[in-house]
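> how would this look folded up:
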Amino acid sequence: MTTAPRPRIIRGLDAEQRKASRRQALLDAGLDLFPQQGFAKTSIEQLCQHAYVGTKAFYETFASRDELYEALLRSISDRVFGELAQVATEGGSEEELAPRILSAFAHAFVDDVRFAQVTFGAGSAITPEAELQRRANRQTAAAFVEGLWAQFGNPSRPEDDGVAIGLIGGLFDVIAHWVRDLGDEAPTASTVDLLVTRMVNLYRVIAAGRQRGL
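The predicted structure follows:
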């Protein structure tokens, strides 16, 4: 009776673990370099050097630099939506919970400002695939908002889908303008507070208009 060969272990990792480690190292390299240099000016060779990964290993992990960016964008989005879902379970009235969720939304992007820069700022990519991912993010976020309105006991309206999409687009634009205005400066407590205030004000205006049927 033959036995299956044991997986080769290198530095305590088997092949799948090494592959996952290389993938994460490349994503981390993108998170570092795209904000610093811009997506268009960051080469695959630079990403590989930064991640201590060979070019062959890069192409075994991602088909292109664009695909790496899309994976990075998805990982950021997954983390942000996970944090928002956690805050939403805390409960409370719309007046109490909505500002907490919006604050968590802002902080998820700007506590490590690289996340905002990659998603909205100097590190972002303009490709058809990235735009599809951004569209999916807006739809996911809009569905989350509609779920919150139901949680708050607000009656559903036929136009809610469009209103929620508009709200999310506006919130994303507020963050994008904020991160571009920030430039190379590090965020401060006051600048982050300003961002949260702008987001909360936008939400309140749109939520009030929705409730009045405007």
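> nearest spatial neighbour of residue 143, skipping sequence neighbours?
residue 164 (7.5 Å; C-beta to C-beta, 6 or more residues apart in numbering). C-beta coordinates here come from the backbone N, C-alpha and C atoms, glycine included.
> what's the neighbour count on the one you found?
23 (other C-beta atoms under 10 Å).
> and the helix or strand it falls within, what does it pack onto?
Taking DSSP states H and E as the criterion, residue 164 maps to helix 160-182. Under the contact criterion of 3 or more C-beta pairs under 8 Å, 6 or more residues apart in numbering; DSSP states H and E, helix 160-182 touches helix 94-110, helix 113-120, helix 128-151, helix 189-212.
> What are the contacting residues of it?
Helix 160-182 has contacts (C-beta atoms under 8 Å, 6 or more residues apart in numbering) with 102, 105-106, 109-110, 113, 116-117, 119-122, 138-139, 141-143, 145-146, 149, 157, 191, 194-195, 198-199, 202-203, 206, 210.
> are any of those residues buried, and which?
102, 105-106, 109-110, 113, 116-117, 119-122, 138, 141-142, 145-146, 149, 195, 198-199, 202-203, 206, 210 (16 or more other C-beta atoms under 10 Å).
> tally of neighbours for residue 36?
Residue 36: 14 neighbours (other C-beta under 10 Å).
> Enumerate every residue touching it.
Contacts of residue 36 (C-beta under 8 Å, 6+ apart): residue 123.
> Quick one: mean pLDDT for the helix or strand encompassing it?
Assigned by DSSP H and E, residue 36 belongs to helix 15-37. Averaged across helix 15-37, the pLDDT comes to 91.
> That one versus helix 160-182: what angle between them?
60 degrees (axes from the mean of the first three to the mean of the last three C-alpha atoms, to 10 degrees).
> Walk me through the domains of the protein.
8-62, 74-212 (automatic domain parsing).
> With distance to residue 68 as added columns, please give those in a markdown table.
Shown next, in a markdown table, are the domains of the chain (distance: least, C-beta to C-beta, whole Å):
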| stretch | distance to residue 68 |
| --- | --- |
| domain 8-62 | 4 |
| domain 74-212 | 10 |
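> hey, C-alpha coordinates of stretch 57-64 in PDB?
Provided in PDB are the C-alpha atoms of stretch 57-64 (Å, rounded to 0.1, in the frame of the first residue of the first chain):
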ATOM      1  CA  ALA A  57       5.700  34.000  -8.300                       C
ATOM      2  CA  PHE A  58       3.800  37.200  -9.000                       C
ATOM      3  CA  TYR A  59       2.300  35.700 -12.200                       C
ATOM      4  CA  GLU A  60       1.500  32.500 -10.400                       C
ATOM      5  CA  THR A  61      -0.600  34.700  -8.000                       C
ATOM      6  CA  PHE A  62      -2.000  37.500 -10.100                       C
ATOM      7  CA  ALA A  63      -2.400  37.700 -13.900                       C
ATOM      8  CA  SER A  64      -1.600  41.400 -13.900                       C
END
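> what sits up against that stretch?
Counting by C-beta under 8 Å, 6+ apart, 19, 22-23, 26, 44, 47-48, 53, 68, 71 sit against stretch 57-64.
> Many thanks, we can stop here.
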